[in-house]
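Asks: need coordinates for the following:
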Amino acid sequence: MSTALRIAHGAFGRVALLDMDRSLVRHAHHHCHVLLKVEGADTQFMVGDQVTPLTDTAAVLVDGWKPHAYVHDVNRPRTLIMALYIEPEWLKEFRPGWAASGAPGFFERPSGEVSPRIRQLTLHLAAEMMANPDAVRTHEQTLSDLMIAVIERFTPWRSFPTSIRGMSAASCDWRIRRAMDAMRVQDSYGSVDQFVKGAGLSRAQFFRLFETSLGVSPKIYLNVVRMERALDAVMREDTPLGELSERFGFPEPAHFTRFFRDHAGVSPREFRNVSRLAG
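Replies: A predicted model of the protein is given here:
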C-alpha cells in the first residue's frame, strides 16, 4: 500500500513525499503541479492522453486543471515521488507573470529532462523533510530554489507578462464561470444537474462549454473542490474523520477513505498524522 513519508504545507501549497505502489484516479488541480522521482523504480503518469515517464532524469510537469493520473506497474517495485502542489499566488511573489502557473500552457511539454541542479535540490529537499519535518522555513527556501530552477528550465518564462497590466484573464464563458463559483460555495456534492439548470444551458452545451473553458469535466471539477476542502479539513481540523465523511457527502467512512486515497495516494488518517509532523 502507498504511504506518505512526509507532507509539508504552507503559503506555497503542499509538498508530499509519497512512496507509491498503487495507481491514482484521473484528477486535476488548480496548482502548478510538478512530480520528481527521489528513488526507487522508474514509473509513469498519464498527462492528458499522453504517457509521461518519471525517472531520475525526467520530470512530469502538469499545468493547472490538466487531467492526469498516476499509472503504477504492478510488476515494478515502489517509487518514492516528490509531489509539488504549488500555489500560483505564491509563485507570483517571484515574478508577476508566474501567476500563469495555474493556467493551461504554462509548461511547454508534460515532461522535461532534469538538470543536475534540479536533481540536487530534489534530493536535498527530500532529505531535509525526512530529517527535520518541522523546519518549514528551511523547506520553503529550498523549495523556492527548486521551483525557480524548474520554471526557468521548463517554461518560456521570459515571454510571460512582466506586469499585472500585461496579464489577460483566461477565456471562460461567463455562464461557466458563474457555475464554477456556485460549485465552490456549495454545501452538497451530488449531481451537476443543478448547475446545468442554473446556467440556463442544455446538458450537452454545459458539458461542452465547461470542458472548453477549463479543460476538465464538471464532475472532475466538483471532485477537485471536494478533495481540496477535504485535504484542508484533514490537515487543519481535529474533527473526527467520521464527521468529515458526512460533511463531504459520504454516508460511509469507508467510501470517504477510498475517495481520499484514490486522489491523494494515502488514507485521510495517514495524511493527517504525517502532515502534523511539520506542525
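Asks: show me how this protein divides into domains.
Replies: Split into domains by the TED database, the chain comes to 3-154, 172-275.
Asks: need the ones you listed in JSON lines (columns: mean neighbour count and mean pLDDT).
Replies: (Glycine included, C-beta is placed from N, CA and C.) Shown next, in JSON lines, are the domains of the chain (neighbours: other C-beta atoms under 10 Å; pLDDT from 0 to 100):
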{"stretch": "domain 3-154", "mean neighbour count": "19", "mean pLDDT": "95"}
{"stretch": "domain 172-275", "mean neighbour count": "16", "mean pLDDT": "91"}
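Asks: who's in contact with Gly13?
Replies: His31, Leu84, Tyr85, Ile86, Glu87, Trp90 (C-beta atoms under 8 Å, 6 or more residues apart in numbering).
Asks: how near is it to Ala131?
Replies: 22 Å (C-beta to C-beta, to the nearest Å).
Asks: in helices only, show me the contacts of Gly13.
Replies: Among the contacts of Gly13, the members found in helices (DSSP state H) are Trp90.
Asks: from the contacts of Gly13, pick the one nearest Thr43.
Replies: The nearest member of those to Thr43, counting by C-beta to C-beta, is Leu84 at 16.3 Å.
Asks: what about the strands in the protein?
Replies: Under the criterion DSSP state E, the chain contains strands at 3-10, 13-20, 32-40, 43-47, 50-54, 58-62, 68-71, 79-86, 111-113.
Asks: tell me how far the longest one lies from the chain's centre.
Replies: Right, strand 32-40. Mean-position distance between strand 32-40 and its chain equals 12 Å (C-alpha atoms, centre = their mean, to the nearest Å).
Asks: tell me the strands beside it, with direction?
Replies: strand 58-62 (antiparallel), strand 79-86 (antiparallel) (DSSP bridges).
Asks: gap between the nearest residue to Phe154 once chain neighbours are set aside and Thr52?
Replies: The shortest distance from Phe154 to any non-neighbouring residue, by C-beta to C-beta, 6 or more residues apart in numbering, is to Gly112 (4.4 Å). Per C-beta to C-beta, Gly112 is found 10 Å from Thr52.
Asks: overlap of the contact sets of the two?
Replies: With C-beta under 8 Å, 6+ apart, Gly112 and Thr52 have no common neighbours.
Asks: looking at the strands of the chain, spot the one closest to Pro268.
Replies: The nearest among those, by C-beta to C-beta, is strand 3-10 at 11.0 Å.
Asks: now that closest one, how far from the chain's geometric center?
Replies: 13 Å.
Asks: just checking, what packs against that strand?
Replies: strand 13-20, helix 116-131, helix 136-154, helix 268-275 (3 or more C-beta pairs under 8 Å, 6 or more residues apart in numbering; DSSP states H and E).
Asks: send the alpha carbons of the first one over as PDB?
Replies: Extracted in PDB, the C-alpha atoms of strand 13-20 (Å, rounded to 0.1, in the frame of the first residue of the first chain):
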ATOM      1  CA  GLY A  13       0.900  24.900  -1.200                       C
ATOM      2  CA  ARG A  14       2.000  21.400  -0.400                       C
ATOM      3  CA  VAL A  15       5.000  19.100  -0.900                       C
ATOM      4  CA  ALA A  16       4.400  15.400  -0.300                       C
ATOM      5  CA  LEU A  17       7.000  12.600  -0.300                       C
ATOM      6  CA  LEU A  18       4.900   9.600  -1.400                       C
ATOM      7  CA  ASP A  19       6.100   6.000  -1.500                       C
ATOM      8  CA  MET A  20       3.800   4.800  -4.200                       C
END
